[in-house]
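Student: coordinates only, no sequence provided:
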């Protein structure tokens, strides 16, 4: 996987740059997420978490939780006893904590600073791990996936929601134009950080989606691996289990 970073002129490593990027855009992240996806991102999260229903899941770790949208969807659909969201961006977590307070969900969902490559929980701590639009930001993909496998209990499930590359005409052509020209322009105007929304399509293009990602998941040690594409291949949901 090509090492795409948000700020090409920076000497900082990818992890630090990604944290800085999300800190910069945290105040506008939710608005732009819903705006750019025409609110379809809410449907994508519902579809992803539906894979965890009716499975007696009591504890969930949401990695790259951002402002907590996927963690909130976990609560809405399966209401486990424990939901923890971790992220390397304190700016995103601050927005998420305020959101949870307003929704009276802060007693059910805990957000804290955390690194996907060094998860500060013991082995076999969670029944499920979720990641939405975060794995392509991992500095080292296999390290992050291995950590996820470690903290899952035997029989536990991983659910990944991530952007993919549409291949169907004319969705592919429109998506290319939209992500290359429209998204960076609007992102720069609204968030004041052009690099963040230039990085997005570049990171999607470089990411090993589809069967490439499921192959990596199997190599790391996940079993029962599969994926489903949504919305003509704009995003995909990946599922894996711990033996």
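Tutor: On my side now, so go ahead. Remember, predicted model here, so these are calculated numbers, not experimental data.
Student: what does the average pLDDT come to for the longest strand out of those in the chain?
Tutor: Secondary structure assigned by DSSP state E gives strand 152-163 as the longest strand of the chain. In this model, strand 152-163 carries a mean pLDDT of 98.
Student: what is the burial count for residue 114?
Tutor: The number of residues packed near residue 114 is 20, by other CB atoms under 10 Å. Where C-beta positions appear, they are placed from N, C-alpha and C, glycine not excepted.
Student: rewinding a little: quick check: mean pLDDT of the very next helix or strand once past the longest strand of the chain?
Tutor: As assigned by DSSP states H and E, the chain's next helix or strand after strand 152-163 is helix 171-177. Helix 171-177 comes out with an average pLDDT of 90.
Student: return the distance of helix 171-177 from the chain's centre.
Tutor: Distance, stretch centre to chain centre, for helix 171-177: 22 Å (CA atoms, centre = their mean, to the nearest Å).
Student: state the number of residues packed around residue 134.
Tutor: 22.
Student: what comes up buried for the biggest helix by length in the chain?
Tutor: Criterion DSSP state H: the longest helix present in the chain is helix 14-36. For helix 14-36, the neighbour count (16 or more other CB atoms under 10 Å) marks 14-15, 17-26, 28-30, 32-33, 36 as buried.
Student: what packs against it?
Tutor: helix 40-49, helix 90-102, helix 183-191, helix 194-206 (3 or more CB pairs under 8 Å, 6 or more residues apart in numbering; DSSP states H and E).
Student: for the longest strand of the chain, which strands pair with it and how are they oriented?
Tutor: strand 126-132 (parallel), strand 235-241 (antiparallel) (DSSP bridges).
Student: give me the mean pLDDT for the first one.
Tutor: When you say that, I think you mean strand 126-132. pLDDT averaged over strand 126-132 gives 98.
Student: now swap in the last one and tell me
Tutor: The pLDDT scores in strand 235-241 average 98.
Student: tilt between that strand and helix 40-49?
Tutor: On the basis of axes from the mean of the first three to the mean of the last three CA atoms, to 10 degrees, strand 235-241 is oriented at 20 degrees to helix 40-49.
Student: hmm, who's touching strand 235-241?
Tutor: By CB atoms under 8 Å, 6 or more residues apart in numbering, the residues outside strand 235-241 that reach it are 44, 47-48, 51, 155-164, 209-210, 213-214, 217, 222-230.
Student: what of the first one?
Tutor: Contact partners of strand 126-132, identified using CB under 8 Å, 6+ apart, comprise 44-45, 48-49, 52, 55-64, 66, 69-71, 74, 80, 84, 116, 148, 151-153, 155-162.
Student: quick one: buried ones out of these?
Tutor: Buried, going by 16+ other CB under 10 Å: 44-45, 48-49, 52, 57, 59-64, 66, 69-71, 74, 80, 84, 116, 148, 151-152, 156-162, out of those.
Student: I'd like to know which elements the helix or strand of the chain with the lowest mean pLDDT is packed against.
Tutor: One helix or strand of the chain scores below all others by mean pLDDT, DSSP states H and E: helix 183-191, with a mean of 83. Where contact means 3+ CB pairs under 8 Å, 6+ apart, helix 183-191 is packed against helix 14-36, helix 194-206.
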